[in-house]
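Asks: Show me how the following folds:
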Amino acid sequence: MPAALLLILWAVAEVFVVIKVADAIGALATILLLVASWPLGMWALRSQGAAAWRRLIAAIEQRRTPAHEVVDGALVVLGGLLLIVPGFITDALGLLLLAPTRALLRPLLVRHAQSRLFSRAARFARGRSYDVESTATDIDQPQLHS
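Replies: The predicted structure follows:
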């Protein structure tokens, strides 16, 4: 229910902003701006997406964890998709995700993902039983190979 309400409020806000922009610059200029954001989003997905992909491949070839590259790639895809969706609010958010401001958003996103990952891992581990009393015994090597 809250997601549907958020979507409705988002659409209402987009229409409100479009009306205000049309009042300020005219209807034709507003339509041209809305239509121009679609090719910009496609360009961003192609060019910045390809650059993010190259950085990901380079990180893997250097045998280092590509955490930043994966997050950057996800932010580029999200930013490009937001530019493709018509509306000035989505365009502004898309540009924020594509611009150098993405570097400011990355640590927040990584921290949020890590906290969710750790909390889910802790919840998953609670259901597991561990050998707290140290009752485990070693198995002879020949038994392991059969």
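Asks: any low-confidence regions in this protein?
Replies: Low-confidence regions of the chain, defined here as pLDDT under 70, cover residues 1, 117-134, 136, 138-146.
Asks: Looking at it, which helix is longest?
Replies: Taking DSSP state H as the assignment, the helix of the chain that covers the most residues is helix 27-61.
Asks: buried ones in that helix?
Replies: Buried residues in helix 27-61, counting neighbours by 16 or more other C-beta atoms under 10 Å, are found at 30, 33-34, 37, 40-41, 44-45, 48-49, 52, 55-56, 59. All C-beta spots, glycine's among them, are computed from the backbone N, C-alpha and C.
Asks: starting at the chain centroid, how far to it?
Replies: Helix 27-61 has its C-alpha centroid displaced from the chain centroid by 15 Å (C-alpha atoms, centre = their mean, to the nearest Å).
Asks: Provide a list of residues in contact with Glu14.
Replies: The neighbourhood of Glu14, defined by C-beta atoms under 8 Å, 6 or more residues apart in numbering, consists of 86-90.
Asks: how close does it get to Leu95?
Replies: Using C-beta to C-beta, to the nearest Å, we find Glu14 at a distance of 15 Å from Leu95.
Asks: now Ser115
Replies: Counting by C-beta to C-beta - Ser115 and Leu95 are separated by 27 Å.
Asks: More neighbours: which of the two?
Replies: It is Leu95, of Ser115 and Leu95, that has more neighbours when counted by other C-beta atoms under 10 Å, with 17 against 10.
Asks: measure that one to Ile60 for me?
Replies: With distances taken as C-beta to C-beta, Leu95 is found 29 Å from Ile60.
Asks: What segments of the protein are helices?
Replies: Remark: helices assigned in the chain by DSSP H are 2-25, 27-61, 67-84, 88-98, 102-126, 141-145.
Asks: Now tabulate the ones you listed in CSV and tack on distance to Thr135.
Replies: Compiled in CSV, those are given as follows (distance: least, C-beta to C-beta, whole Å):
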stretch, distance to Thr135
helix 2-25, 48
helix 27-61, 42
helix 67-84, 38
helix 88-98, 52
helix 102-126, 19
helix 141-145, 18
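Asks: OK, contacts around the nearest residue to Ile84 once chain neighbours are set aside?
Replies: Closest residue to Ile84 apart from its sequence neighbours, by C-beta to C-beta, 6 or more residues apart in numbering: Gly41 at 3.8 Å. With C-beta under 8 Å, 6+ apart as the criterion, the residues that contact Gly41 are 80-85, 94.
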